[in-house]
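**Student:** Predicted model and sequence follow; I will ask about them next.
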Amino acid sequence: MYNGRLPERGAGPYRDITMKANRSISSNKAQAFKIVVIGGTGLIGSKVANLLREAGHDVVAASPSRGVNAVTGEGLAEALAGAQIVVDVSNSPSFEDEAVMDFFRRSTAHLLAAEEAAGVGHHVALSVVGTDRLQASGYFRAKLVQENLIKASPIPYTIVRATQFFEFIASIAEGATRDGEVRLSPALMQPIYSSDVAAEVAAAALAQPLNGTRDIAGPEALPMTEVVGQYLRARNDPRRVVADAGVGYFGTPVDDRSLTPAPAGHPHLAPTHLADWLAQTHGSR
């Protein structure tokens, strides 16, 4: 039975995933591709774009601020002309149910149609671990629609599902704060560093299409209360964390399997531990 415990750092097949990803990127330097990164100016997109540029590829970091809007289709044909690979790491600006569904449905449909017209050979999309298990949430319903559109397209694809980013912990704490207390489910989660996500996405873009899904996660599963508690302590934040199984995850019911990858799927585990990231960003261990 899975108990949430993972191999120690450096153990077994999970040893230093980022190094493996970087080796995969470097091994493709001999063949330069044109790669379009949709959402290429955001947290993950900018890191993916930089990694691929450093590997010698012609990278277009596409976003509405740069005249490429997948929701409306504006600028897609021009951006994708001559591209071999498209990486979609875009996200909805609104998490309201109808808005997020509209975003992923329209942007994915426009993007896939433009890719087919341009002869793109590999579509890579960033999704979320647990998407199919969290369908009580409008956001995850929209992400599943996105995934299904990709699977139904004739374009070879790879879907990379990641757990929640370390950088998102602050939003989890803010969303759960009531009267100075942070009320959170004690369910397990397995957060991951954004740079580790970017390395995996970049490596996936340069690999052969999976025509399937790969799960990636941080190296350790911890109760959500402990994840946020560590973050608050590192920031000397006085808010008290209270365990409350009834609050779910942003109102969506969760258990220990909801926000963690299924072991049977052989998830790729990233090397960066939460404590190390906190020490680096907040000077605390």
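**Tutor:** Here it is on my side, so go on.

**Student:** Going by C-alpha atoms from here, please, whenever you check contacts or count neighbours.
**Tutor:** Noted.

**Student:** Quickly note the distance from Met224 to Met189.
**Tutor:** Distance, Met224 to Met189, by Cα to Cα, to the nearest Å: 6 Å.

**Student:** again with Thr158
**Tutor:** 24 Å.

**Student:** List the contacts of Gly265.
**Tutor:** Counting by Cα atoms under 8 Å, 6 or more residues apart in numbering, Gly265 touches Asp215.

**Student:** For beta bridges, what are the partners of the nearest residue to Pro267 once chain neighbours are set aside?
**Tutor:** Excluding the flanking residues, the one nearest Pro267 by Cα to Cα, 6 or more residues apart in numbering is Asp215, at 4.9 Å. According to DSSP bridges, the partner residues bridging Asp215 are Arg161.

**Student:** pLDDT value on Asp215, please?
**Tutor:** Asp215 is assigned 97 on the pLDDT scale.

**Student:** isn't it right next to Gln190, touching?
**Tutor:** No. Assessed by Cα atoms under 8 Å, Asp215 is found out of contact with Gln190, at 11.6 Å.

**Student:** which one of the two has more residues nearby?
**Tutor:** Taking other Cα atoms under 10 Å, Asp215 and Gln190 do not tie; Gln190 has more neighbours (27 against 22).

**Student:** got a pLDDT number for His282?
**Tutor:** 79.

**Student:** Neighbours of Trp66, how many?
**Tutor:** One thing to correct before we go on: residue 66 is Arg, not Trp. Arg66, neighbours per other Cα under 10 Å, totals 12.

**Student:** For Ser107, see how far away it is.
**Tutor:** To Ser107, Arg66 is 16 Å away according to Cα to Cα.

**Student:** quick one: contacts for the most centrally placed residue in the chain?
**Tutor:** Geometric centre of the chain, nearest residue: Ala162, 4.2 Å, by Cα atoms, centre = their mean. By Cα under 8 Å, 6+ apart, Ala162 lies in contact with 126-129, 192, 197, 215-217.

**Student:** Apply 7 Å and report the result again.
**Tutor:** With contact set as Cα atoms under 7 Å, 6 or more residues apart in numbering, Ala162 has these partners: 127-129, 215-217.

**Student:** Check Ala245 too.
**Tutor:** Per Cα under 7 Å, 6+ apart, neighbours of Ala245: 185-186.
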